[in-house]
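Asks: following is a predicted model, sequence given first.
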Amino acid sequence: MRAKIILDGWKPKVSYAEVTRAIREAGVIVTQRNADIGVVVGGDGVFSAVGSLESIPLLFVGTRSSSAMGSKAYLAAVQFDELIEALKRIEAGQYRIEESKRLEVQKNGRRIGVVFTDVYLQRGADSNCIRYRVKVTGRDLDIEEAVIGDGVVVTTAAGSTGYFSYPDRIVTGRFDVSGHTELKADQVGVCHIVPTYIERVGSEECPLRYTVPWGSRVELSVTRPADARLYGLGGGRMGVRILTSDTVTIHASPETTKVIVLTAPISP
């Protein structure tokens, strides 16, 4: 078996040399070309970016951290100290591959990327609240909302433990890092980020967060000039600038992310 190493290009949690040693100790060949699998070491941000781009099966490897600000790596199949054993099990066929759905993102009808986890429209550094509109259409579905707030998250099931779950972590005025929601594979999640006002056309209900069936079409637009940006597309930390003349469309992609899952957990 041949494995490709993929690390955080900005601040890797483990060095390339350390990962190489672990992979070779498991009897696996390290290569950056024509690999059978990708070994991705990092946190959920790295997993999200890599999962949006790679077509080979990916083994997500986390690193243990006791820090409240450390990586949570909810998507990790194993921790780095379990990597050697995990690769031996994969060599022995003790794994399965799950194909996770991706969302395609368009700006004014032109594709600007796909996402494995989530994409979000949010205020930039030079803006306070933004005013935006959300339209969701699908089979027997027609939602239109006008909102004032920090922005909105659109997520797949894989991304539901991230930004989409921030309401779960606020418990009676305290912050609980362990709280998160899990979506089903056939759902898309929509969550407003700290809204001060929500109005849903034709309804008295104004949910902070909700799910819609996979295949629904979500449209986002900014209704007043502001520093509004689209994040989660792997295009850098500055995001994609969104103007009042722009329409962002998010819908199901035919592409998938192949995720390696061990058939049995590794004993500590």
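Replies: Structure's in. What do you need?

Asks: so for the strand ranked longest in the chain, what gets flagged as buried?
Replies: The longest strand of the chain (DSSP state E) is strand 248-262. Applying a neighbour-count criterion of 16 or more other CB atoms under 10 Å, the buried positions in strand 248-262 are 248, 249, 250, 251, 253, 257, 258, 259, 260, 262. Using the backbone N, CA and C atoms, a C-beta is placed for each residue, glycine as well.

Asks: got it, and stretch 46-63?
Replies: 46-52, 54, 57-63.

Asks: with stretch 207-220 instead?
Replies: 209, 210, 211, 212, 214, 216, 218, 219, 220.

Asks: now do stretch 161-176: distance to the chain's middle.
Replies: 17 Å (CA atoms, centre = their mean, to the nearest Å).

Asks: check which residues of that stretch are buried.
Replies: For stretch 161-176, the neighbour count (16+ other CB under 10 Å) marks 161, 162, 163, 164, 165, 166 as buried.

Asks: can you pull the contacts of the last one?
Replies: Residues near residue 166 by CB atoms under 8 Å, 6 or more residues apart in numbering: 191, 193.

Asks: how about it, secondary structure?
Replies: Three-state call for residue 166 (DSSP: H, G, I helix; E, B strand; the rest coil): helix.

Asks: show me where pLDDT drops low in the stretch 51-200 of the chain?
Replies: Residues of the stretch 51-200 of the chain meeting the criterion pLDDT under 70: 66-71, 172.

Asks: what about the strands in it?
Replies: With DSSP state E, counting those that start in this stretch, the ranges of strands along the stretch 51-200 of the chain come out as 58-62, 78-79, 95-107, 110-115, 118-123, 130-138, 141-149, 151-155, 170-171, 174-175, 187-193, 197-200.

Asks: residue 244 is nearest to which of those strands?
Replies: strand 130-138 (9.4 Å; CB to CB).

Asks: strand partners (parallel or antiparallel) of that closest one?
Replies: Strand pairing for strand 130-138, using DSSP bridges, gives strand 141-149 (antiparallel), strand 217-222 (antiparallel).

Asks: got the buried residues for that strand?
Replies: Buried residues in strand 130-138, defined by neighbour count with 16+ other CB under 10 Å: 130, 131, 132, 133, 134, 135, 136, 138.

Asks: now do it and strand 187-193, the angle between them.
Replies: Here strand 130-138 runs at an angle of 160 degrees relative to strand 187-193 (axes from the mean of the first three to the mean of the last three CA atoms, to 10 degrees).
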